[in-house]
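Peer 1: below is the structure, and that's it, no one-letter string:
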DNA sequence: TATGATTCAATCATAATCGATCACGGACGC
DNA sequence: GCGTCCGTGATCGATTATGATTGAATCATA
């Protein structure tokens, strides 16, 4: 019984029952309450469930009972709403590693833009409570940052788009005009030779604007996104500075990314371990 | 049997029965009356039911047939927001009645501004899913309106102020400039002859701007707010069009409000229902 | 208005749960 | 073989929920 197996079973359990308890999971998974608590806390941190006293509760909007594939694909586009059913646990691990690696590019005092998306959402979840200044259009990320007391959060004005869970002003820039960020962290539907791709028109609009306000563009994309199908181009490769991905990327893909002048950063599980080690030394 | 389970069962019970008693819940859930009372009080404070002597009553217009999801989301949305809802339980019934009465002033298609605050938050909770257009600076209200698919929600851009849970741009109007609302629904710290009062400088700033963008100003203030102490004036009485309060308001206060040209609307606290409830139990 | 019954909030004692910490044991590389 | 590292389980003090008790408040009835 490994960590990933347990996590999957816990999520399954919550997809079935609205709430579950530490005791129940202890019995069902055959591990100690301490381990269950650790798992629940971590899953809570990553936004996959809601920790409550005595157990955990499902996050509404993450429950797709019975209807497997079709729904899951649909939810992939939803900001911060991906359930474990969308992508394999392995993929989640990759996203986690990528998000952690992205943290290297933060430094206290810096301004940054964080776009909506599952990986950037994970990144926001892992962010330390430091004196960052974050601009985001994503409601889930806003919620995540609510309890980081040192993080300044700015929202551009606009209208709420429920499906994407973003705030967007189609007509003017509003707050954006005054905001200038050192970096933008951005997810995507796909990354191809044509550039950064999305499949949602609204996202394209939103992201094009955001990219303009940042000096450096950092793309968070797990390797399944590379050369994946998507219809709309947000920006060409030439505008991208860094791509953070996992070790599933092909040499060929790495090649044409670097040929476009992009720094390709590979977040492996080992790299994550190293980071954890370094962190614990301090 | 944990808190979340009990709460769900209590809400289910009310969805089925409209009223329920402490005794009945005690027996059905197998916990002590003390726990039931605590639960009912908390649920009342969170706006999920109406506490009455001996038990609890369903909030009219808040019946979520069969599907637990709707209720769960509400319960969930309130996690970690108890600091936001720190009003006394005594006034909760009044606030609820006031919020309900305020709904009379809505009509589909209308634009409105909803200010932050406990009473306006309750109002947003009770709002039907109609084609309203709402501008708000309040994060909790935004969260509440997330699942009202027909309601257009607009946010002014700006920075997050955690303590007040609002988005505010101290320097410019942003989206506000383009927004024009038929009405603004606004809460307050106090309502005196000097006008609408707050005690938080940020709120004053924010509210002054909002009031300017609305044709009609509707104040939601339970009677304890009348002539209560507060230091900062948001606007004079002359700018207020309607005050919705409960029947605890004194004749004198009603007098000087009406003398200022204000329509005073008194929301009945459903006293009849409560009496009928108790009678039917015996 | 007076009285008894019921309900209530406040208080305290107990039990459950939690997070932090340490110890054990297997996996892995040297 | 040997040590290091990570995940797990166990322990302990602290926190939090629950249940019982009590006196006050509220209500129904006379």
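Peer 2: Received, thanks. Bear in mind the structure is a predicted one, so any value in this text is a computation, not a measurement. Numbering: from 1, shown residues only, chains lettered A, B, ... in the order given.
Peer 1: any stretches of the stretch 51-200 of chain A with poor pLDDT?
Peer 2: Along the stretch 51-200 of chain A, segments meeting pLDDT under 70 span A:61-93, A:173-174.
Peer 1: surely residue A:161 is in contact with residue A:168?
Peer 2: Yes: Residue A:161 lies in contact with residue A:168 (C-beta atoms under 8 Å); the separation is 5.7 Å. The C-beta positions use only the backbone N, C-alpha and C, and glycine is treated the same way.
Peer 1: any residues in contact with both of the two?
Peer 2: residue A:202 (C-beta atoms under 8 Å, 6 or more residues apart in numbering or on different chains).
Peer 1: show me how far stretch A:211-225 is from its chain's centre.
Peer 2: Computed by C-alpha atoms, centre = their mean, to the nearest Å, the chain-centroid distance of stretch A:211-225 equals 12 Å.
Peer 1: show me what counts as buried in that stretch.
Peer 2: A:211, A:213, A:214, A:217, A:218, A:219, A:220, A:221, A:222, A:223, A:224, A:225 (16 or more other C-beta atoms under 10 Å in any protein chain shown).
Peer 1: again with stretch A:110-120
Peer 2: A:111, A:112, A:113, A:114, A:115, A:116, A:117, A:118, A:119, A:120.
Peer 1: quick one: which of these is nearest DNA strand D?
Peer 2: Within the buried residues of stretch A:110-120, the smallest distance to DNA strand D is 20.3 Å, found for residue A:119 (C-beta to the nearest atom of the strand).
Peer 1: the closest one against residue A:95, yeah?
Peer 2: Yes: the criterion here is C-beta under 8 Å, and residue A:119 meets it with residue A:95 at 4.8 Å.
Peer 1: and the strands in the stretch 1-150 of chain A?
Peer 2: A:19-21, A:50-52, A:55-57, A:111-114, A:133-136 (DSSP state E, counting those that start in this stretch).
Peer 1: nearest to DNA strand D, of those?
Peer 2: strand A:50-52 (9.0 Å).
Peer 1: what is that closest one packed up against?
Peer 2: helix A:33-45, strand A:55-57 (3 or more C-beta pairs under 8 Å, 6 or more residues apart in numbering or on different chains; DSSP states H and E).
Peer 1: please identify the deepest-packed of the ones you listed.
Peer 2: Between those, strand A:55-57 has the highest mean count of neighbours, a mean of 26, where neighbours are mean count of other C-beta atoms under 10 Å in any protein chain shown.
Peer 1: contact partners of that one?
Peer 2: Taking C-beta under 8 Å, 6+ apart as the rule, strand A:55-57 contacts A:10, A:14, A:18-25, A:40, A:43-44, A:49-51, B:2, B:4, B:72, B:76.
Peer 1: please list only the buried members of those.
Peer 2: Among the contacts of strand A:55-57, those classed as buried by 16+ other C-beta under 10 Å are A:10, A:14, A:18-22, A:25, A:40, A:43-44, A:49-51, B:2, B:4, B:72, B:76.
Peer 1: end-to-end on stretch A:18-38?
Peer 2: With C-alpha to C-alpha, to the nearest Å as the measure, the ends of stretch A:18-38 fall 20 Å from one another.
Peer 1: now what about that stretch, what contacts it?
Peer 2: When contacts are defined by C-beta under 8 Å, 6+ apart, stretch A:18-38 is touched by residues A:1, A:6, A:9-10, A:13-14, A:40, A:52, A:54-58, B:2, B:4-5, B:8, B:68, B:72.
Peer 1: spell out which parts of chain A neighbour chain B.
Peer 2: Chain A has residues A:18-19, A:21, A:50, A:52-55, A:57-61, A:63, A:139, A:142-143, A:145-147, A:149, A:152-160, A:162, A:165, A:167, A:169, A:174-176 near chain B, with proximity defined as C-beta under 8 Å from any C-beta of the partner chain.
Peer 1: distance of residue A:207 from DNA strand C?
Peer 2: 36 Å (C-beta to the nearest atom of the strand, to the nearest Å).
Peer 1: out of the residues of chain A next to chain B, which are inside helices?
Peer 2: A:139, A:142, A:143, A:145 (DSSP state H).
Peer 1: from these, pick the one nearest DNA strand C.
Peer 2: residue A:143 (19.0 Å).
Peer 1: just list the residues touching the closest one, thanks.
Peer 2: Neighbours of residue A:143 in contact, by C-beta under 8 Å, 6+ apart: residue B:143.
Peer 1: and chain A, which residues reach DNA strand C?
Peer 2: Within chain A, the positions near DNA strand C by C-beta under 7 Å from any atom of the strand are A:21, A:22, A:23, A:33, A:34, A:37, A:41, A:51, A:53, A:54, A:55.
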